[in-house]
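Enquirer: Build the 3D model from these lines:
(chains A, B, C and D)
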There are 2 protein chains.
Amino acid sequence: MTPNASKKAKLQSQAFKRTRADHQSELAEDYVELIADLIDDKGEARGNDVAIRMGVANATVVKMLKRLVERGLVTQEPYREIMLTGDGWAMAENGRKRHAIVENFLLALGVSREIARIDSEGIEHHVSNETLKAMAKFVSRQT
Amino acid sequence: MTPNASKKAKLQSQAFKRTRADHQSELAEDYVELIADLIDDKGEARGNDVAIRMGVANATVVKMLKRLVERGLVTQEPYREIMLTGDGWAMAENGRKRHAIVENFLLALGVSREIARIDSEGIEHHVSNETLKAMAKFVSRQT
DNA sequence: CTCAAAGTTTAGCCTTTGCTAAACCTGAAC
DNA sequence: GTTCAGGTTTAGCAAAGGCTAAACTTTGAG
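Expert: The predicted model follows:
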């Protein structure tokens, strides 16, 4: 009832809204990053490989790729390999950097390799630039 | 094609599956934690307050509460205040602890109060027990 | 050159989490 | 005791992200 209560509510809803928004871009980023990895590793990215790596059915990948094409991140001819647009590559690069920082940070914190790999995947998308910077600083201080 | 490739794929899909699973429980936890806070702060939790704090429409809360009732976390009579079951309280307590650790950890890392509040909301649900322990240790070392 | 296996797509289904608009209770003020 | 404002619920819609089964391409082996 006090003005403070509504202020608190506003602040809190803001955090939840951010988290919901993050979740929207999150999956797209994961797909794009994975596609970039496949291209670099194997020379090309096929839907099947994406499905296996994401742990998802083939049809799910097809649907997702359509959304990524709409967003201008990916291009693809039917039955052909998946390619990234300029924006796609930029997003992949950005994701890789963030991912690496978070994972290295967790390792520096003393987390096991296995857990660092898994947790960083989840955390990566919810870390603001400020926090990312603090993590990078911590890692470089440790070295 | 090497055995290593399929191993890599399995490891990676495992991380993505974990993240997807996290997202499922995540919202439930947020609602339950918020309801607990409201009860402690104002004496009772009403759907409207939940809606405002979560930043969603009233109808969305109603729907979510039904799911929480099904999961045995919440009880409610129509048009009455929301109450938590034993399981609900346990989940809230757990969430509060994790949340506090993550937020304090970010602060200890040098992140600003504002950003720590927002980021911790997103990160909280993707942190394994091992990482949580490492964070707690770091905080206590700093103090 | 054929044809079958492997990969890709389509069709159709489901659940979750949002929304708005309209109907419905409750309780406090009169 | 009415009434009406505010809170709650219902109804009906949409988009995202899953799935399976069935149809369709591509390609490499023979």
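
Enquirer: Any part of stretch A:56-63 near DNA strand C?
Expert: Yes. For stretch A:56-63, a contact with DNA strand C is found by C-beta under 7 Å from any atom of the strand, at A:Asn58, A:Ala59, A:Val61, A:Val62, A:Lys63. To be clear about C-beta, it is placed using only N, CA and C from the backbone, and glycine gets the same treatment.

Enquirer: would TSV of those residues with secondary structure, pLDDT and distance to A:Ser6 be doable?
Expert: Output for the residues of stretch A:56-63 next to DNA strand C, formatted as TSV (DSSP: H, G, I helix; E, B strand; the rest coil; pLDDT from 0 to 100; distance: C-beta to C-beta, whole Å):
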residue	secondary structure	pLDDT	distance to A:Ser6
A:Asn58	helix	98	49
A:Ala59	helix	98	46
A:Val61	helix	98	44
A:Val62	helix	98	46
A:Lys63	helix	98	41
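
Enquirer: name the helices or strands packed onto the lengthiest helix in chain A?
Expert: Ordering each helix of chain A by length in residues (DSSP state H) puts helix A:3-42 first. With contacts taken as 3 or more C-beta pairs under 8 Å, 6 or more residues apart in numbering or on different chains; DSSP states H and E, helix A:3-42 sits against helix A:47-54, helix A:58-70, strand A:83-84, helix A:86-109, helix B:3-42, helix B:47-54, helix B:113-123.

Enquirer: 6 Å - rerun?
Expert: Applying 3 or more C-beta pairs under 6 Å, 6 or more residues apart in numbering or on different chains; DSSP states H and E, we find helix A:3-42 packed against helix A:86-109, helix B:47-54, helix B:113-123.

Enquirer: angle of the shortest one against helix A:3-42?
Expert: The reference is to helix B:47-54. Between helix B:47-54 and helix A:3-42, the angle comes out at 50 degrees (axes from the mean of the first three to the mean of the last three C-alpha atoms, to 10 degrees).

Enquirer: How far does helix B:47-54 sit from its chain's centre?
Expert: How far helix B:47-54 lies from its chain's middle: 16 Å, per C-alpha atoms, centre = their mean, to the nearest Å.

Enquirer: name the helices or strands packed onto it?
Expert: Using 3+ C-beta pairs under 6 Å, 6+ apart: helix B:47-54 touches helix A:3-42, helix B:58-70.

Enquirer: Return the set of buried residues in the longest one.
Expert: Buried positions in helix A:3-42, judged by neighbour count with 16 or more other C-beta atoms under 10 Å in any protein chain shown: A:9, A:12-13, A:15-16, A:18-19, A:26-39.
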